[in-house]
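**Q** how would this look folded up:
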Amino acid sequence: MKRFSVVLVDVGQGERMPLLRDDSAGLGVFEPTAFALTLRARGRAVNTLVQALRAVQLLYEMLSSSGVDLMTRIRNNELLTLGEIETVAEQCRLTKSDLDELHHGPRQGQASQIGVAALKKGQRRPTSLKQVHSNTAAIRITYVCSYLQWLADYAYLQRIPRDREVFREVAARTVSALTQRVPSKKSAGASRRKLGLTHADEARLLALVDPANPANPATSEFLRERNNLIVRMLLGLGLRRGELLGIKVQDINLAKSTVLVARRADDQEDPRRRQPAAKTHARELQIGAALMALVKSYLSSRQRLAGAKRHPYLVVSDEGAPLSLNSITWLFSSLRAELTGMEKLSAHVLRHTWNDRFSAAAEGRLTPDEEKKVRSYLMGWSEKSRSAENYTARYVEQKAHQALAEMQERMFNK
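**A** Take a look at the predicted model:
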């Protein structure tokens, strides 16, 4: 069977375009690439295009494993069978590692854990497979539906099917059947919510990244200083990791002690193939005196790196190159290894922690409406976004649990 991958191609002037590549031929697949271009024309970010093409990749690998050529199907006024629709819906629920094993077999030296034949035939999924959250599955299936609808319109207008009207009806029924299999998006319940760190765990984390701590896992003085700054900026400003990595030195206003968090899609100054992206609105954030002192010290260390003089980005590797998203992931992996009981620690958990601390700080100082507006600005959300309400509701839930426990203590421990 063919193996497909989503790759980023530099198309000039700093713009990167993802395409679905047939790895056996080393060439991009025309139709998915054209589909991605239509999304790009509608202003979708590169990361969104990558996410859409990865869903389409799943479709192509599933069909390839059965020897199906989609364009040949279309010429014969066909699209997907009911069994294939069920299989796509099932596979959209699987983790990437299980999908890779399903389509390409286990890695060398590993035994297969997947009943591949059963799954390809559309039978019940083996219970040993890990499932992604229903929201992730819904996004994947929705992108596959969007692609099939686009492909059907493209084929119809290009007069590819032998009987265009028959094909139009077949395509409509196919997309409708797959759409019906989109799982309902669920808000994370209390057991699945990504909670921020406790105050005790926050203190443990800050102690570990202190440059003076002998247990600090960083291997050089510069890395210790940089990692400490990364953790404190994420925790103190509530930034996403992509927003942090997108900050330029000139975004730091030393006179005002502020930092500009800007949206810069396809920045020509960014040499990274996978550019960090700010998902939220641009905003200017205040930096407190203690954090600003760390920023100034880090800037002095940064300017001594020759590689850092070739670009404007604030956060760099020990060689001076702009730090990558994968490096942030690796950093938190190394921190988790040192912090027992903090297996879910990540950059995004620090954003949740910031929101928990903001809820506590706003209590009694801001009205609910003021709290929502201020939080939305600081997080870069639209005032119409419900994200602020979600964090407020979570804080209220935590206070309710605390009040209930205290009430029971008073009732039964007299």
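**Q** and the strands in the stretch 301-414 of the chain?
**A** Assigned by DSSP state E, counting those that start in this stretch, the stretch 301-414 of the chain shows no strands.
**Q** correction: the previous question concerned the chain.
**A** Along the chain, counting by DSSP state E, strands occupy 4-10, 16-22, 27-28, 252-253, 258-261, 283-286.
**Q** how about Ile247, nearest residue that isn't a chain neighbour?
**A** Nearest-residue entry for Ile247: Leu314, 4.5 Å, with adjacent residues in sequence omitted and distances by Cβ to Cβ, 6 or more residues apart in numbering. To be clear about C-beta, it is placed using only N, CA and C from the backbone, and glycine gets the same treatment.
**Q** ok, the one you found to Thr72 distance?
**A** In this view, Leu314 and Thr72 are 51 Å apart by Cβ to Cβ, to the nearest Å.
**Q** these two: which is more packed in?
**A** Leu314 (24 against 9; other Cβ atoms under 10 Å).
**Q** I figured that one hits Glu243, correct?
**A** No - with contacts counted by Cβ atoms under 8 Å, Leu314 stays clear of Glu243, the gap being 11.2 Å.
**Q** OK, contacts around the residue nearest to Ile247?
**A** Going by Cβ atoms under 8 Å, 6 or more residues apart in numbering, Leu314 touches 247-249, 251-252, 302.
**Q** where in the stretch 151-300 of the chain is pLDDT low?
**A** 185-194, 278-279 (pLDDT under 70).
**Q** can you pull out the helices in it?
**A** Using DSSP state H, counting those that start in this stretch, the helices of the stretch 151-300 of the chain run over 164-179, 199-209, 221-237, 241-246, 289-302.
**Q** and of the ones you listed, who's closest to Leu323?
**A** helix 241-246 (5.7 Å; Cβ to Cβ).
**Q** ok now that closest one, how far from the chain's centre?
**A** Relative to the centre of its chain, helix 241-246 is centred 13 Å away, using Cα atoms, centre = their mean, to the nearest Å.
**Q** for that helix, packing partners?
**A** Using 3 or more Cβ pairs under 8 Å, 6 or more residues apart in numbering; DSSP states H and E, the elements in contact with helix 241-246 are helix 221-237, helix 325-338, helix 347-362.
**Q** can you put the ones you listed in JSON lines and add mean neighbour count and distance to Ala262?
**A** Shown next, in JSON lines, are the helices and strands packed on helix 241-246 (neighbours: other Cβ atoms under 10 Å; distance: least, Cβ to Cβ, whole Å):
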{"stretch": "helix 221-237", "mean neighbour count": "20", "distance to Ala262": "14"}
{"stretch": "helix 325-338", "mean neighbour count": "15", "distance to Ala262": "17"}
{"stretch": "helix 347-362", "mean neighbour count": "19", "distance to Ala262": "18"}
